[in-house]
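Trainee: Sequence and computational prediction follow.
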Amino acid sequence: MALYPRIAGQTYEYLFQSMKEFRTKERSQAYASLMWPSVAQLTDQDLRDLAAYYSRLPW
Ligand code: HEM
């Protein structure tokens with residue numbers, strides 16, 4: 001679905017940064033608010049683990 005970006009194979013830094021920006025709500029345009037609850041309770045280490053996992057998946 002166009003609304004949900006494909007994150008497999010994106011770079012680690014990009015994924016980590018994006019999730020941090022959702023957590024602080026700094027990223028707020030378009031449908032960003034749909035992401036806020038998913039990361040609200042996660043620690044930096046959680047975000048690092050997610051970024052590491054998704055960045056290693058094939059595009
Ligand atoms: C393991 C769970 C999840 C992870 C790791 C994750 C991660 C991400 C990341 C890194 C982005 C940014 C992608 C980009 O900029 O190209 C993103 C965007 C997005 N995610 Fe998630 N997400 C998860 C779950 C969800 C769920 C459950 C929803 C819906 C309720 C959701 C809805 C969206 C939407 C709508 C966007 C685009 C936001 C925008 O337009 O700025 N995600 N997600």
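Mentor: Noted; the coordinates are in hand.
Trainee: what are the ranges of the helices in this structure?
Mentor: 12-23, 36-40, 44-56 (DSSP state H).
Trainee: List the contacts of the shortest one.
Mentor: Read that as helix 36-40. Contacts of helix 36-40 with the rest of the structure, by C-beta atoms under 8 Å, 6 or more residues apart in numbering, involve 19, 22, 23, 25, 47. C-betas here are computed from N, CA, C, even on glycine.
Trainee: Distance from that helix to the middle of the chain?
Mentor: A distance of 10 Å separates the centroid of the chain from that of helix 36-40, by C-alpha atoms, centre = their mean, to the nearest Å.
Trainee: rewinding a little: can you redo the contacts of helix 36-40 as a markdown table with pLDDT, distance to residue 54 and neighbour count?
Mentor: Converted to a markdown table, the contacts of helix 36-40 look like this (pLDDT from 0 to 100; distance: C-beta to C-beta, whole Å; neighbours: other C-beta atoms under 10 Å):
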| residue | pLDDT | distance to residue 54 | neighbour count |
| --- | --- | --- | --- |
| 19 | 98 | 10 | 22 |
| 22 | 98 | 14 | 22 |
| 23 | 98 | 16 | 20 |
| 25 | 98 | 21 | 12 |
| 47 | 98 | 11 | 19 |
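Trainee: Please identify the one among those residues that lies nearest to the ligand.
Mentor: Distances from the ligand to those, taken as C-beta to the nearest ligand atom, are shortest for residue 19 (5.2 Å).
Trainee: now for the contacts of helix 36-40, which pair is the farthest apart?
Mentor: Based on C-beta to C-beta, the longest span within the contacts of helix 36-40 runs between 25 and 47 and measures 14.7 Å.
Trainee: circling back: quick check: which of the helices of the chain has the most neighbours on average?
Mentor: Using mean count of other C-beta atoms under 10 Å, the stretch among the helices of the chain with the greatest mean number of neighbours is helix 12-23 (a mean of 17).
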